[in-house]
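Colleague: Quick one: sequence plus predicted model below, questions after.
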Amino acid sequence: MFGYIRVCKPELKVKDFETYKAVYCSLCREMGKKYGRLTRFALSYDFAFLALLRMSLAEEHAGFAKGRCVFNPLKKCKYAISCPELSFSASAAVLLVYYKLLDDIADGGFVKRLIARLALIPFVFARKKALRAHPETDLIIANAITGQQKVEADKVSGADAAAEPTAKLLQSLFSLNTTDEQTKRVLERLGYCLGKWIYLADAADDLEKDLKHGNFNPFANEAGQSANITPGDKPAIEAARERARGTMNLCAYEAGLALELLPVKRFGEILKNVIYSGCDRRIEN
């Protein structure tokens with residue numbers, strides 16, 4: 001994932017923002033403790049949301065404590081005590097970065113491939129450990145990356161089809177190991193909508209860069225558009241982004257409807273802030 005799913009700080013209470021930061025810091029600690037310090041650089045707000053969501057649905061919550069941050073040892077910070085939900089999210093973050101680096105090595109230019117090969121080294125060992133702990137997660141992510149590679153190789157026309165692998169990835173990650181069937185269906189819908197939202201956000205964000213370098217981008221390949229959009233065609237680029245905005249707003253709306261159906265036990269205001277305010281703020285940015 002790409003770090004697009006995050007809170008809108010001005011709309012959040014101070015105590016809730018402190019809790020949100022604590023979960024983010026906790027995920028960083030979990031990744032460093034289980035998979036090595038270098039894997040902390042794989043941390044993103046998207047996986048912090050995944051951890052927060054799974055923690056919000058858990059029957060029990062271990063609570064919070066205070067400790068020193070590895071990046072700023074002079075400062076004490078609040079963090080969530082280690083739990084299965086944090087462990088799952090840490091493993092998912094490590095596995096996704098591992099497969100994303102493999103994808104960069106396969107498809108990137110010389111410099112990008114070189115950087116990816118160097119970055120991959122700590123993740124090779126981390127992936128082996130994460131695979132033992134969460135084999136289903138590894139399979140889900142591997143299949144999603146393969147599906148995305150096929151979409152881009154076939155140059156599928158249309159953003160909806162191109163977003164499908166990422167949407168199904170989050171659909172599976174959000175609902176994995178959920179025993180209650182109704183909750184599972186709701187989580188699948190929430191994950192699908194947010195996965196599609198993330199893919200469209202990334203594609204719209206990278207449109208000009210992809211046009212410049214000749215990379216695949218669904219908004220440059222939609223029917224009737226491939227011959228019209230050029231790197232300097234600002235009106236066509238803005239029109240493509242407006243199409244993205246419309247679909248993303250719909251995805252966020254449906255994600256919000258799904259969130260309202262979940263039996264959330266804690267962190268409800270933070271989750272609502274992310275969906276209702278955070279997504280809207282990210283679209284504007």
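Modeller: Great, that's in hand.

Colleague: From here on, just use CA atoms for contacts and neighbour counts.
Modeller: Noted.

Colleague: what's the longest helix in the chain?
Modeller: helix 234-260 (DSSP state H).

Colleague: for the stretch 51-200 of the chain, which spans come out with low pLDDT?
Modeller: 156-157 (pLDDT under 70).

Colleague: Can you name the residues that contact L259?
Modeller: For L259, the contact set (CA atoms under 8 Å, 6 or more residues apart in numbering) comprises V186, L190, K272.

Colleague: returning to what we had before: for the longest helix of the chain, the averaged confidence score.
Modeller: Averaging pLDDT along helix 234-260 yields 91.

Colleague: now for the helix or strand that comes right after it, which elements pack on it?
Modeller: Of the helices and strands lying after helix 234-260 in sequence (DSSP states H and E), the nearest is helix 268-272. Contacts defined by 3 or more CA pairs under 8 Å, 6 or more residues apart in numbering; DSSP states H and E place helix 268-272 against helix 14-35, helix 45-57.

Colleague: Would you map the strands across the stretch 1-150 of the chain?
Modeller: 64-68, 76-80 (DSSP state E, counting those that start in this stretch).

Colleague: Give me the pLDDT for the residue lying closest to T230 once chain neighbours are set aside.
Modeller: Nearest residue to T230 in three dimensions, chain neighbours excluded: L211, at 6.5 Å (CA to CA, 6 or more residues apart in numbering). Looking at L211, its pLDDT reads 86.

Colleague: would you list every one of the helices in the stretch 51-200 of the chain?
Modeller: Secondary structure of the stretch 51-200 of the chain by DSSP state H, counting those that start in this stretch: the helices cover 84-107, 110-133, 135-154, 159-175, 181-205.

Colleague: who's in contact with the second one?
Modeller: Think helix 110-133. By CA under 8 Å, 6+ apart, helix 110-133 touches 35-36, 38-39, 91, 94-95, 97-98, 101-102, 104-107, 137-138.

Colleague: mind listing what's buried in the longest helix of the chain?
Modeller: By 16 or more other CA atoms under 10 Å, the buried positions in helix 234-260 come out as 236-237, 240-241, 244-245, 247-249, 251-256, 258-259.

Colleague: try stretch 119-138
Modeller: Across stretch 119-138, burial judged by 16+ other CA under 10 Å covers A119, L120, P122, F123, A126, R127, K129, A130, L131, H134, T137, D138.

Colleague: from the chain's centre, how far out does stretch 12-32 sit?
Modeller: 16 Å (CA atoms, centre = their mean, to the nearest Å).

Colleague: again with stretch 197-212
Modeller: With CA atoms, centre = their mean, you get 15 Å for stretch 197-212.

Colleague: before we move on, what about stretch 113-131?
Modeller: Put simply, stretch 113-131 sits 19 Å off its chain's centre (CA atoms, centre = their mean).

Colleague: Ok, stretch 91-101 next?
Modeller: Centre to centre, stretch against its chain (CA atoms, centre = their mean), the figure for stretch 91-101 is 11 Å.

Colleague: who's in contact with it?
Modeller: For stretch 91-101, contacts defined as CA under 8 Å, 6+ apart pick out 1, 31, 35, 39, 42-43, 47, 116-117, 119-120, 123-124, 126-127, 130-131, 133-134, 137-138, 141-142, 145.

Colleague: Of all the helices and strands packed on helix 268-272, which one comes closest to R68?
Modeller: Among the helices and strands packed on helix 268-272, the nearest to R68 by CA to CA is helix 14-35 (10.3 Å).

Colleague: Show me what that closest one is packed against.
Modeller: Using 3+ CA pairs under 8 Å, 6+ apart: helix 14-35 touches helix 45-57, strand 76-80, helix 84-107, helix 110-133, helix 268-272.

Colleague: And the ones you listed: which comes nearest T230?
Modeller: Between T230 and those, the shortest gap by CA to CA is with helix 84-107, which sits at 22.1 Å.

Colleague: Just the angle for that closest one relative to helix 135-154, thanks.
Modeller: Helix 84-107 runs at 30 degrees relative to helix 135-154, counting by axes from the mean of the first three to the mean of the last three CA atoms, to 10 degrees.
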